[in-house]
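Asks: pasting a predicted model and its sequence here:
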Amino acid sequence: MQNTGKSVLKRTSIERLLNKLVWLIFAFLLFLATVTAIGNTIWERFVGVYFQAYMPWATFSPNEYMSGFLMFWSYIIILNTVVPISLFVSVEFIRLGQSWFIDWDRLMYYEKKDLPAVARTTTLNEELGQIEYIFSDKTGTLTQNIMEFNKCTINGICYGDVYNEDGIAIVPDDNTPIADFSFNADAEKDFRFFDQRLINCITSGDAKSHDFFRLLAICHTVMPDVTPEGNLIYQAQSPDEGALVTAARNFGFVFRERTFDTVTVSELGKDVTYQVLAILDFDNVRKRMSVIVKDPSGNIRLYCKGADSVIYERLGNSREDEDLKNTTTQHLDEFAGHGLRTLCLAVKNLDEHAYNVWKDAHFKASTALEDREDKLSAVYEEIERDLDLIGATAIEDKLQDGVPETIANLSKANIKIWVLTGDKQETAVNIGYSCNMLTEEMKNVFVISGYTFDEVAAEIKQAYDDIENERSHASPMSSRDDANFPNVVVHTSKVANGRAVVFQSDQDNKFGLVINGHSLVHALNEELELKFLDLASLCTSVICCRVTPLQKAKVVELVKKNKKAVTLAIGDGANDVSMIKAAHIGVGISGEEGTQAVLSADFAFGQFRYLERLLLVHGRWSYMRMCKFFGYFFYKNFAFTLVHFWFGFFNGLTAQSAYDDLFVTLYNIVYTSMPIFMLAIFDQDLNDKYCIKFPKLYLPGQKNELFNVKIFFKSIIRGILTSLVLFFVPYGAFAEGMSPSGADMTNLQTVSTVISTCLIIVVTLQVALDTSYWTPVNHFFTWGSIFIYFLLTFAMYSDGLFQLSTTFQFIAYGVARNSYQLASLWFTMFLVCAICILPVLASRVLCTILWPTYTEKVRKIMKLQLDEEKKARQRKMKAAESLHAITEKIRSTFQLQRRGSRPRSGYAFSHERGFGDLITTGRM
């Protein structure tokens, strides 16, 4: 619980920008209301005064100033639709739909464990398309977290390597014979270990090897259980502990039973019960676990296992201890070089008096009311000293499927990946090379391993200077050319003349960084953290070793605070919870270490490789759809609302509505809601295969190119211009108009109907232009919204409905029938649509031809390839049809010949010369 961190309310960067824009729109509304209030005051003073003879002022508005004051609030009401209140409700429904698509994605379903992808929140979908930094745990996240006992070193002798007849080390395979475990009736049949020397050492009675596996069988918190079939199984807190206890079982030291104060172990077939005197439990600060037991002979011993760095600090200082320590260190380096997880084992003999003194101190510390944890830690330190080293274990944890390919593709999307792990440096570096985070083509991999502040500062400065020297010799190119170089990494830390500088040589300018936990303590110091961040930002991959959960969270917070970048943290265990909560988006993997990470995460799935699809497909689509939705929503609301404002200059700014009240009510709810809603859920500019095949398509989200303040103002300006056209073109067409029958067309109801019709068609055509992926649902709601408009308009403004209703007042009944009979209405509608839509269409076509974006280039490639595939299928179909036609022709010809010939015999012999002679003559 201490590692979980604080719960925070996560909001996307677009949502934070949207809140600011809403305040800006509200200020714009106040500005419009103020202008209209002042205008109404002036109009009433100089013009309205002449109408008082038949339009006297009301008693509550005795003068022009009170009239202006009332008009201010009237225009606040009539222009309130410019403030996107319904936008927030629509966004939540859109996010819900996008989350369902993540849940339903079969390509993110982990069949082995029956684990589908789960979107545990519906508020962060579009943020998935803007990730710049990924912070990942290693064990269980990049690896399978299925531990297998692979090697060990006991008393300076290494066991587990396999050699051929010539004494050369080989990699075991399915044909390699395993060691003989026939001496142990409790050995598991599927346990694989190939070094027979260790078996011989145990069966010969070697004391050190017995102590080694006795420690593994005693020093743990595993609970034994027996199945109904009588099989012994273990319930372990972590896969590491389970693997070590299982290894001890297979080598003859079987953990049988546990009570609150005893542990029973079968040692080479003989049950021995140990009295448990104390358990000094593991935590992420101690990085070790100890247990104090008394054997049946009355001897008291302390068994300890933990990280090599903490065990070595507590060993004795004798010459023998130093030699064993050096030999074991060499073996540990070899194990770590193969990517194995290592653990050191040590033991200490205690006398009765020393233990009793320590027991009293431990009791006082455990019952202290203040600083209990610190006092217990000090007591533990007192007894865990002068240990005798026994050896070390090496456990194999294989990479998950698809991890190298996923990391390579995410790196091409300009996503920087940091691995934060508790493993030692050599193990983490080996895994880094295995999963393509670190490559041999990198110019340099810097290692920060200083123990003091000055050492760490000097190493960071030296590494930073080396990178700057290398980059100074690289040839820069314009950032507009990055689409033509799919392997270029964009470095945004340096900006020249307002444009990002890109270095063309990708291979020559890649760097890696590895930093140890004790060095990270100083690197996260306030005086050094920015320098460390500058260095890490210049590196493609960063690996932090031996880090605690708190350090993981601090690293994430450092990047969030200073880089202003969107971060994602992914992990599978309880020690990753603080990191997951600290990042903008947390992803949990349902692994072998429980569900703590999943329960704290925003998204969850079964394998790391699904992260590629979550970001490059669902994240990119969600971001693109949401940006289109925001731009269109502001556009249509301004186009609709500002018609009232322009109309005000022709009615004395008296807050008279330019639309019928029913149209105002249904505009956002019925007429224009569903087309953009369907676009925001179903739209795809590219299919999922191309989103993954071309990872640079992800870059616009990182740079906020699809929706920002500039895009917002463009949408607003387009809405304002559209409102001008919507009002003044119909006004000019009908101001002095007359129908063919001689009826007057200059009435508010007719002009309002014309404006409403033009508005619905223009905004619907606009959403049709924005739609890249047409589905039957899109067609139904896009064109259906126009049909619904005409249907409801005729229904609400018809004579028959007016005659049926005796309570509802129809102020414009019959206007639809009369208006839509006018040819001028249809001509005006086409003219308005042409003025509003054709410039947008022309500009898009021109930009696509002259200045195509990277997305448009990929779309062209996709279209060409799809056309080629379609032609290939057609050619295959034609070839199949031709072959079928030829076959039918031959068959019909054969049947015709048979009908004209005499009956043949039915014997099953060839009617041609056979091979009889060849066989009888021996030539065949």
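Replies: Looks like it came in fine. Residues are numbered from 1 along each chain as shown.
Asks: now do the contacts for the residue lying closest to Ser752 once chain neighbours are set aside.
Replies: With Cβ to Cβ, 6 or more residues apart in numbering as the criterion, Ser752 has its nearest non-adjacent residue at 5.5 Å, and that residue is Tyr659. Backbone N, C-alpha and C define where each C-beta goes, glycine included. Residues touching Tyr659, when contacts are defined by Cβ atoms under 8 Å, 6 or more residues apart in numbering, comprise Val643, His644, Tyr667, Ser752, Ile755, Ser756.
Asks: tally up the residues packed near the fourth one, please.
Replies: Read that as Ser752. 21 (other Cβ atoms under 10 Å).
Asks: secondary structure class of it, three-state.
Replies: Per DSSP: H, G, I helix; E, B strand; the rest coil, the secondary structure class of Ser752 is helix.
Asks: is it true that it touches Gln656?
Replies: No: at 10.6 Å, Ser752 and Gln656 do not qualify as touching, with contact defined as Cβ atoms under 8 Å.
Asks: not counting its neighbours along the chain, what's nearest Ala336?
Replies: Distances taken as Cβ to Cβ, 6+ apart put Glu426 closest to Ala336, at 3.0 Å, once the chain neighbours are dropped.
Asks: check what pLDDT the one you found gets.
Replies: Looking at Glu426, its pLDDT stands at 78.
Asks: before we move on, what about Ala658?
Replies: The predicted local confidence for Ala658 comes out at a pLDDT of 90.
Asks: backbone phi and psi for it, please?
Replies: Backbone torsions for Ala658, taken as degrees, to the nearest 10, come to phi -80, psi -10.
Asks: what count of nearby residues applies to it?
Replies: The burial count assigned to Ala658 is 27, neighbours taken as other Cβ under 10 Å.
Asks: who touches the host helix or strand of the residue nearest to Ala336?
Replies: Using DSSP states H and E, Glu426 sits within helix 425-434. Applying Cβ under 8 Å, 6+ apart, the contact partners of helix 425-434 are 138, 142-143, 332-333, 335-342, 399, 404, 419, 421, 423, 438-440, 445, 447, 449, 512, 514, 516, 541, 543, 545-546.
Asks: now, of these, which are buried?
Replies: 138, 142-143, 332, 335-336, 339-342, 399, 404, 419, 421, 423, 438-439, 445, 447, 512, 514, 516, 541, 543, 545-546 (16 or more other Cβ atoms under 10 Å).
Asks: what ranges does the stretch 51-200 of the chain have for its helices?
Replies: For the stretch 51-200 of the chain, helices defined by DSSP state H, counting those that start in this stretch occupy the ranges 64-78, 85-104, 196-203.
Asks: thinking again about what came up before, helices - which of the contacts of Tyr659 land there?
Replies: For those, membership in helices holds for Val643, His644, Ser752, Ile755, Ser756, with DSSP state H as the criterion.
Asks: near the residue lying closest to Gly648 once chain neighbours are set aside, how many other residues are there?
Replies: With Cβ to Cβ, 6+ apart as the criterion, Gly648 has its nearest non-adjacent residue at 5.8 Å, and that residue is Thr36. Summarising burial for Thr36: neighbours were counted as other Cβ under 10 Å, giving 26.
Asks: pretty sure Thr36 belongs to a helix, no?
Replies: Yes: secondary structure of Thr36, determined by three-state DSSP: located in a helix.
Asks: and it, what does it touch?
Replies: Taking Cβ under 8 Å, 6+ apart as the test, what Thr36 contacts is Met71, Phe72, Tyr75, Phe645, Gly648, Leu653, Ala655.
Asks: likewise for Leu831?
Replies: Contacts of Leu831 by Cβ under 8 Å, 6+ apart are Val729, Ala733.
Asks: what do you get for the one 4 residues further on?
Replies: With contact taken as Cβ under 8 Å, 6+ apart, Ile835 is in contact with Val725, Val729.
Asks: quick one: the helix or strand that contains it to chain centroid distance?
Replies: Assigned by DSSP H and E, Ile835 belongs to helix 823-850. In this view, helix 823-850 has its centroid 39 Å away from the chain centroid, taken as Cα atoms, centre = their mean, to the nearest Å.
Asks: mind listing what's buried in that helix?
Replies: Going by neighbour count (16+ other Cβ under 10 Å), the buried part of helix 823-850 is Ser824, Leu825, Thr828, Met829, Val832, Cys833, Ile835, Cys836, Ile837.
Asks: just checking, what packs against whichever helix or strand comes after that helix?
Replies: If you walk from helix 823-850 toward the C-terminus, the next helix or strand you reach (DSSP H and E) is helix 854-899. Under the contact definition 3 or more Cβ pairs under 8 Å, 6 or more residues apart in numbering; DSSP states H and E, helix 854-899 sits against helix 688-693.
Asks: so what touches the helix or strand just after the helix it packs on?
Replies: Next in sequence after helix 688-693, counting helices and strands by DSSP H and E, comes helix 699-702. Residues outside helix 699-702 that contact it (Cβ under 8 Å, 6+ apart): 129-132, 413-414, 482, 490, 566, 619-620, 623-624, 706, 854-855.
Asks: closest to Ala816 among those?
Replies: Sorting those by how near they are to Ala816, with Cβ to Cβ, puts Met624 at the top with 38.3 Å.
Asks: can I get stretch 712-719 as PDB, trimmed to CA atoms?
Replies: The C-alpha trace of stretch 712-719 is given here as PDB (Å, rounded to 0.1, in the frame of the first residue of the first chain):
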ATOM      1  CA  PHE A 712      -9.800  26.400 -33.300                       C
ATOM      2  CA  PHE A 713      -9.700  29.900 -34.700                       C
ATOM      3  CA  LYS A 714      -9.800  28.600 -38.300                       C
ATOM      4  CA  SER A 715     -13.000  26.700 -37.400                       C
ATOM      5  CA  ILE A 716     -14.400  29.900 -35.800                       C
ATOM      6  CA  ILE A 717     -13.600  32.100 -38.800                       C
ATOM      7  CA  ARG A 718     -15.100  29.600 -41.100                       C
ATOM      8  CA  GLY A 719     -18.300  29.500 -39.000                       C
END
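Asks: where in the stretch 351-500 of the chain is pLDDT low?
Replies: When the per-residue scores of the stretch 351-500 of the chain are filtered using pLDDT under 70, the ranges that remain are 473-500.
Asks: and with 80 instead?
Replies: Segments of the stretch 351-500 of the chain classed as low confidence (criterion: pLDDT under 80) are 424, 426-427, 439-441, 471-500.
Asks: can you give me the strands for it?
Replies: All strands of the stretch 351-500 of the chain, identified by DSSP state E, counting those that start in this stretch, fall at 388-396, 416-420, 444-448, 476-477, 490-496, 499-503.
Asks: quick check: Phe727 is in a strand.
Replies: No: counting by three-state DSSP, Phe727 falls outside a strand, being helix.
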